[in-house]
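**Q** okay, here's the prediction I keep looking at, along with the sequence it came from:
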Amino acid sequence: MSRGVFYNTYTGLTDLFCKSIQAEIKTHFREYGDCQSNKLIFAFLRQIGNDRLFYTNIYRLTRKKHTTHICNQINRTLFTEMQKYLFNSDYSNKHIKSMTNILLAHITNWIDHGCDAHVLDVYTDVAIILPKQKDC
């Protein structure tokens with residue numbers, strides 16, 4: 001990809017990182033969309049843990065200059081995917097937004113600490129907020 005094509009596609013490296021994470025979120029929800037929410041989120045956390053170097057590097061490269069922008073974009077994508085996932089549920093958008101905010105806060109904190117905690121510990125922290133539905 002040439003420099004011109006890159007800047008026609010992305011506004012900079014932060015935009016590339018953000019779009020990469022957004023694509024990962026969308027792909028994950030497509031792959032696990034028929035599963036129970038606990039399995040979907042645990043698999044998502046496990047994927048982040050497996051790719052911890054990727055996520056921690058992006059977090060460290062973007063937190064100084066563009067944290068708010070990238071966090072808002074990722075939060076919006078995660079919220080949209082959760083909305084689609086919970087479309088036929090009794091959860092309001094406000095409730096889904098709260099779940100998304102709590103989930104993202106735990107994930108961000110975990111990444112900020114280099115994914116040192118075991119994935120099961122992070123999952124245990126967020127499992128209580130997850131809706132129970134769908135079989136996989």
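**A** Right, received. Where do you want to start? Predicted model only: the values in this text are computed from it and were never measured. Residues are numbered from 1 along each chain as shown.
**Q** so where's the protein shaky on pLDDT?
**A** Per-residue confidence for the chain (pLDDT under 70) gives these ranges: 63-68, 132-136.
**Q** mind listing the strands for it?
**A** With DSSP state E as the definition, the chain shows no strands.
**Q** which residues are in contact with the residue nearest to residue 104 when sequence neighbours are not counted?
**A** For residue 104, ignoring the flanking residues on the chain, the nearest one in space by CB to CB, 6 or more residues apart in numbering is residue 75 at 5.4 Å. C-betas here are computed from N, CA, C, even on glycine. For residue 75, the set of contacting residues under the criterion of CB atoms under 8 Å, 6 or more residues apart in numbering consists of 100-101, 104.
**Q** now these in a markdown table, please, with extra columns for neighbour count.
**A** Formatted as a markdown table, these follow (neighbours: other CB atoms under 10 Å):
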| residue | neighbour count |
| --- | --- |
| 100 | 21 |
| 101 | 14 |
| 104 | 16 |
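**Q** what is the nearest of those to residue 24?
**A** Distances from residue 24 to the contacts of residue 75, taken as CB to CB, are shortest for residue 104 (13.6 Å).
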